[in-house]
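Enquirer: give me coordinates for this.
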Amino acid sequence: MTTRQVLVGLMVLTLVMCGLESIRAASPAPGAASIAGRVTLDGPAPRLAPLRMSSDPACAKMHPAPATNEDILASGDGGLQNVLVFVSEGLTGRSFEIPQEPAVLEQKGCMYGPHLLAMQANQKLEIVNHDSTTHNIHPLPANNREWNKAEVPGAEVEETFSREEIAIPVKCNLHPWMRGYIAVLKHPYFAVTSADGSFRLPDLAPGEYTIEAWHEKLGTATKKITVAPGQAQRLELVFHAHGG
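Expert: Okay, here's the model as predicted:
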């Protein structure tokens, strides 16, 4: 066997080992627990108000049927969408890697998607303008650096937030109906509820946690929960239609 063949063999072996390490890192820890459940609205959801986009014909043209606000979105059986569910206590002394994949916020149809974006501190944030009109992205943080950047059609902007903050209001100065939120957390144990109000927090170490749910209009709800090794725990959280 030549020296070149030996070196190639060693490189292949190294790549295979690196691949195995990546698989191990991505796999749940033995005995990891999970929390899954649903957030619901107790009472009728308010009527969704139409958004007035006539100030920019390019925006109005994309919505033959007027778009509506996303302040409180609930399914027919009360599932509450756009609720941030996260571990607020129980992770003291632990540190977490910053995700390599960016969080992505889209400007599409002159709306922000998703309406509520959750990400980790120092994770890269990409904001993409899919529209044929110019936007700007203007977060209004209380605990992070404020910035305000214009985006022409097709443009992408990259930024980060270095501190935890729940949650940062985001607006477009050019289109006043465009509003959303960015939640920044210092750990990966969070989720945003789907259209039916469901969420899941996987790969938790066994222990006692406080789970908090945050909604932009309805406030917060918290519950303490204890998870055993390998346990899939169920959790239901309720908000009231009158707020609070």
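Enquirer: looks to me like E158 is in a helix.
Expert: No: according to DSSP: H, G, I helix; E, B strand; the rest coil, E158 belongs to no helix; its state is strand.
Enquirer: show me where this structure has helices.
Expert: 3-26, 57-61 (DSSP state H).
Enquirer: R163 and P188, how far apart?
Expert: 16 Å (CB to CB, to the nearest Å). For the C-beta atoms, the positions are set from N, CA and C on the backbone; glycine is no exception.
Enquirer: give me the pLDDT for G31.
Expert: At G31, the predicted lDDT confidence score is 82.
Enquirer: worst mean pLDDT among the helices of the chain?
Expert: helix 3-26 (a mean of 41).
Enquirer: burial count for D131?
Expert: Neighbours of D131 under the rule other CB atoms under 10 Å: 22.
Enquirer: err, T222, not the other one
Expert: The local packing of T222 (other CB under 10 Å) involves 12 other residues.
Enquirer: bridged to the residue lying closest to K223 once chain neighbours are set aside, which residues?
Expert: Taking CB to CB, 6 or more residues apart in numbering, and ignoring the residues beside it in sequence, K223 has I211 as its nearest neighbour in space, at 5.4 Å. Using DSSP bridges, the bridge partners assigned to I211 are V87, K223.
Enquirer: and the pLDDT for I211?
Expert: 98.
Enquirer: doesn't E212 make contact with A167?
Expert: No: the pair A167 / E212 is not scored as a contact, 11.9 Å apart, by CB atoms under 8 Å.
Enquirer: any stretches of this structure with poor pLDDT?
Expert: 1-29, 242-244 (pLDDT under 70).
Enquirer: just to revisit the earlier point, more crowded one of R163 and P188?
Expert: Set side by side, R163 and P188 show more neighbours around P188, with 19 against 13, by other CB under 10 Å.
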